[in-house]
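Undergrad: give me coordinates for this.
(one chain, ligands or ions: 1)
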Amino acid sequence: MSMEDYDFLFKIVLIGNAGVGKTCLVRRFTQGLFPPGQGATIGVDFMIKTVEINGEKVKETNHIRNRRFAGFLSNLLQIWDTAGQERFRSITQSYYRSANALILTYDITCEESFRCLPEWLREIEQYASNKVITVLVGNKIDLAERREVSQQRAEEFSEAQDMYYLETSAKESDNVEKLFLDLACRLISEARQNTLVNNVSSPLPGEGKSISYLTCCNFN
Ligand SMILES: Nc1nc2c(ncn2[C@@H]2O[C@H](COP(=O)(O)OP(=O)(O)OP(=O)(O)O)[C@@H](O)[C@H]2O)c(=O)[nH]1
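TA: Presented below is the predicted three-dimensional model:
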């Protein structure tokens, strides 16, 4: 796999308090599973996934020829899962700078993880590019009976910060594909307008699979 196999390569970094479900969201999207007994992330973890936008799923053989012939876009998402624990902060901060998008995650059943969001936004301000796209995600909506942060409160917060907001369940797979694919669409749209972070990193081996996506840019 080389960079020429892809129309776009985007770097997406997940951040947020420890235990909010960042690793589970990444695993759900890239591997389609909810890992049992997921341990805390140490430093950073890395996964990749290819997505086809506005096209059909293309077989691996003749991949490039078919795709170019049909005018499809193949996009590689490089997804970096960072440790939420404070002691890894100096390592994880170094990954913000070249991120095209940040997924700022909190746990809807944990008020504390929501209250820490302004602190995370300060980190973003300090370490990320000013062109970065930030999405706020409230995870664990399958635990509705334990909800501590209302959807309305989170929406008001995200609107005030000019961020797109989505609620997910990595466990039940609710809105997880939507999160990453809408983000990919938005990244493509911004890349076409040349407003994105110029990312010089190259693809690395990963475990993701190809998937298709037919609609584009549901959030702006
Ligand atoms: N019920 C429910 N549990 C979840 C969900 N997502 C994650 N969890 C659980 O929450 C715990 C923490 O999940 P992780 O994905 O390791 O959290 P993390 O944000 O990556 O944590 P750090 O690596 O320490 O930063 C695990 O016990 C998961 O099983 C979800 O959508 N629903």
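Undergrad: quick check: buried residues in the top helix by length along the chain?
TA: Longest helix of the chain, by residue count under DSSP state H: helix 176-192. Residues of helix 176-192 classed as buried by neighbour count (16 or more other CB atoms under 10 Å): 176-177, 179-188, 190-191. Backbone N, C-alpha and C define where each C-beta goes, glycine included.
Undergrad: how about those residues in JSON lines, adding distance to the ligand?
TA: Formatted as JSON lines, those follow (distance: CB to the nearest ligand atom, whole Å):
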{"residue": "Val176", "distance to the ligand": "9"}
{"residue": "Glu177", "distance to the ligand": "14"}
{"residue": "Leu179", "distance to the ligand": "12"}
{"residue": "Phe180", "distance to the ligand": "15"}
{"residue": "Leu181", "distance to the ligand": "18"}
{"residue": "Asp182", "distance to the ligand": "18"}
{"residue": "Leu183", "distance to the ligand": "18"}
{"residue": "Ala184", "distance to the ligand": "21"}
{"residue": "Cys185", "distance to the ligand": "23"}
{"residue": "Arg186", "distance to the ligand": "23"}
{"residue": "Leu187", "distance to the ligand": "22"}
{"residue": "Ile188", "distance to the ligand": "27"}
{"residue": "Glu190", "distance to the ligand": "26"}
{"residue": "Ala191", "distance to the ligand": "28"}
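Undergrad: which helices and strands does the longest helix of the chain pack with?
TA: Using 3 or more CB pairs under 8 Å, 6 or more residues apart in numbering; DSSP states H and E, the elements in contact with helix 176-192 are strand 8-15, helix 22-31, strand 44-53, strand 73-82, strand 101-107, strand 133-139, strand 164-167, strand 211-213.
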